[in-house]
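Visitor: please find the sequence and the predicted model below.
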Amino acid sequence: MRIRDLLPLACQALVSNKGRTTLTMLGIVIGVASVILMLSVGEAAQRYLLSQVASFGSDLVFIANGRGNETRGGPPSLLTKQTLTVKDYKKLKGLSWPQAVNATIITRDLVSFGGTDVLTRVSGSAPDEVIVFNEVLIKGRAVSNEDLESHARVVVLGSKIAVQLFGEENPIGHIMKVSKQPFRVIGVLGPAGSRFFSDADAQVTIPFTTSLDLYHKEHLNFLAVKTGVIRPSEAKNLVRVALREAHNLDNPNGDLAKDDFRVASQEDAIKNADTIGSILQILLGSIASISLVVAGVSIMNIMYVTVTERTREIGLRKAVGAQPWDILGQFLTEALVLTSVAGILGVLLGISFSWLAIQIVLHFQSGWTFAIPWPGAALGFSVAAAIGIIFGYFPARRAARQNPIDTLRYE
């Protein structure tokens, strides 16, 4: 029997059993949609990670608490031994080669003005923050060295928090509260987007010396150095030498395991983010693929039931001259049509759900982008078609091998 004859016959058989066909297709549709959804979200997460670490340029070096041979990234951890101090900031600031040096202390706290309270991120920073992170002031000024030295209670607002607290009113010069303490607003930053996986426009910035006093801290969360004309790899070595001297570390051989601080460049962070994103995609895709295997087993079982129910039909076809390969082709074509149509529906549903998922994420975190995962869509459809061939073959072979006499006697 030719393929052009098998296809209409397979479609007719599937349409005649709409309920069973729909239930059989449902497993494939859900499986393919899950694979595409997971791969799409994983790819979006990878792009987001890379955008976060690459947004500041390639000439930054970060210094964080922890052992020198650690590669852990992410936000500051309370479980890590804290070693960075104001002394380290001054040491790096006194070097001749850095273009800018910033120190940061991150805390979440309540800020308020005129009866409006907002829980947000309070960033204790140095004057060079605007240079390090390419910030733009739209009103007032940034934190100055005088503010730093005098531990001044002044605050610079992100663009969103300024609107939340002051609306259309100019906030410069007003007294607001940070952690229930009065602070004078000296500046407002322009839109900055997401930074370190949080909304920079919703944070407030105060001098890091004031933050140390306000929260009774002695250590910094991290330092950032803008290298300027010096290559990041060379800058990392110069930073290590300077901080080993500041920490009185006896490490003449430069053993990173002996350092009580971690130094990483943007290039290191991009490599780590790319690796994490790839692992995330593989993990999510593998989990979602399990549903496709389950759907394949379901198709095989239903096809076995179908073969049993259509035993007399198989006998009649063989009695009028149908060959075993004709029977095999008929049932295999049915399985292939079933899974191919389900694969197309699954691709469309998966793309729709992926777009919806990204829109939901954007309500909570800016910076995520949606892109149709064409490799994932092609993979999902190909796997669905392969499942039709692989799991449909065994029931089809069983039908083809049945004895015509036995099938005609079947009740």
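Guide: The structure has been received and is ready for your questions.
Visitor: how about the strands in the stretch 201-350 of the chain?
Guide: 204-207, 222-226, 261-265 (DSSP state E, counting those that start in this stretch).
Visitor: list the strands paired with the second one, with their directions.
Guide: Strand 222-226 sits in its sheet next to strand 60-65 (antiparallel), strand 100-113 (antiparallel), going by DSSP bridges.
Visitor: make CSV from those and add mean neighbour count and distance to residue 385 to it.
Guide: Placement of C-beta: from N, CA and C, glycine included. Formatted as CSV, the strands paired with strand 222-226 follow (neighbours: other C-beta atoms under 10 Å; distance: least, C-beta to C-beta, whole Å):
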stretch, mean neighbour count, distance to residue 385
strand 60-65, 23, 48
strand 100-113, 20, 50
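Visitor: turn those strands into TSV, columns for mean pLDDT.
Guide: Shown next, in TSV, are the strands paired with strand 222-226 (pLDDT from 0 to 100):
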stretch	mean pLDDT
strand 60-65	91
strand 100-113	95
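Visitor: export those as CSV, with columns for distance to residue 27.
Guide: Formatted as CSV, the strands paired with strand 222-226 follow (distance: least, C-beta to C-beta, whole Å):
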stretch, distance to residue 27
strand 60-65, 47
strand 100-113, 45
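Visitor: for residue 264, which of those is the nearest?
Guide: strand 60-65 (5.4 Å; C-beta to C-beta).
Visitor: any idea of the mean pLDDT for the helix or strand just after the closest one?
Guide: Later in the chain than strand 60-65, the nearest helix or strand by DSSP states H and E is helix 86-93. Across helix 86-93, the average pLDDT comes to 96.
Visitor: any buried residues in helix 86-93, and which?
Guide: For helix 86-93, burial by neighbour count (16 or more other C-beta atoms under 10 Å) applies to 88-89, 91-93.
Visitor: now stretch 372-384
Guide: Within stretch 372-384, the residues that qualify as buried are 373, 376-377, 379-381, 383-384, counting by 16+ other C-beta under 10 Å.
Visitor: find the residue at the geometric middle of this structure.
Guide: The centroid of the chain falls nearest to residue 45 when counting by C-alpha atoms, centre = their mean (2.0 Å).
Visitor: so that residue is in which element?
Guide: Residue 45 belongs to helix 18-54, assigned by DSSP H and E.
Visitor: and that helix, what does it pack onto?
Guide: helix 266-309, helix 324-364, helix 374-401 (3 or more C-beta pairs under 8 Å, 6 or more residues apart in numbering; DSSP states H and E).
Visitor: again, only using 10 Å
Guide: Here helix 18-54 touches helix 3-16, strand 194-195, helix 266-309, helix 324-364, helix 374-401, going by 3 or more C-beta pairs under 10 Å, 6 or more residues apart in numbering; DSSP states H and E.
Visitor: mind listing what's buried along the helix or strand harbouring residue 149?
Guide: Taking DSSP H and E as the definition, residue 149 sits inside helix 145-150. For helix 145-150, a neighbour-count test (16+ other C-beta under 10 Å) marks 147-148 as buried.
Visitor: give the pairing partners of the helix or strand following it; include direction for each.
Guide: Once the chain leaves helix 145-150, the next helix or strand it forms, by DSSP H and E, is strand 154-157. With DSSP bridges as the test, strand 154-157 is paired with strand 181-189 (parallel), strand 204-207 (antiparallel).
Visitor: can you list these in CSV and add mean neighbour count and distance to residue 131?
Guide: Putting these into CSV (neighbours: other C-beta under 10 Å; distance: least, C-beta to C-beta, whole Å) gives the following:
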stretch, mean neighbour count, distance to residue 131
strand 181-189, 19, 13
strand 204-207, 26, 14
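Visitor: kindly state the domain boundaries assigned to this structure.
Guide: 3-52+280-409, 102-227 (automatic domain parsing).
Visitor: partner residues bridging residue 262?
Guide: Residues in beta-bridge contact with residue 262 (DSSP bridges): residue 64.
Visitor: I figured it hits residue 67, correct?
Guide: Yes - assessed by C-beta atoms under 10 Å, residue 262 is found in contact with residue 67 at 7.0 Å.
Visitor: tell me which of the strands of the stretch 201-350 of the chain sits most buried.
Guide: strand 204-207 (a mean of 26; mean count of other C-beta atoms under 10 Å).
Visitor: send me that strand as CSV with only the CA atoms.
Guide: Output of strand 204-207 as CSV, limited to C-alpha atoms (Å, rounded to 0.1, in the frame of the first residue of the first chain):
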residue,chain,number,x,y,z
VAL,A,204,18.2,54.4,48.2
THR,A,205,21.9,55.2,48.6
ILE,A,206,23.6,56.6,51.7
PRO,A,207,27.3,57.0,52.5
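Visitor: surely residue 97 and residue 234 touch.
Guide: Yes - in this structure, residue 97 is within contact of residue 234 by C-beta under 10 Å, at 9.1 Å.
Visitor: what sits in contact with each of those two?
Guide: residue 227 (C-beta atoms under 10 Å, 6 or more residues apart in numbering).
Visitor: residue 175: how many residues sit nearby?
Guide: For residue 175, the neighbour count with other C-beta atoms under 10 Å is 11.
Visitor: residue 141 and residue 147: what is the separation?
Guide: 9 Å (C-beta to C-beta, to the nearest Å).
Visitor: find the nearest non-adjacent residue to residue 359, please.
Guide: Nearest non-adjacent residue to residue 359, counting by C-beta to C-beta, 6 or more residues apart in numbering: residue 370, 7.8 Å away.
Visitor: for the spatially closest residue to residue 209 that is not a sequence neighbour, grab the count of nearby residues.
Guide: Nearest residue to residue 209, sequence neighbours excluded (C-beta to C-beta, 6+ apart): residue 151, at 4.7 Å. Counted with other C-beta under 10 Å, residues neighbouring residue 151 total 15.
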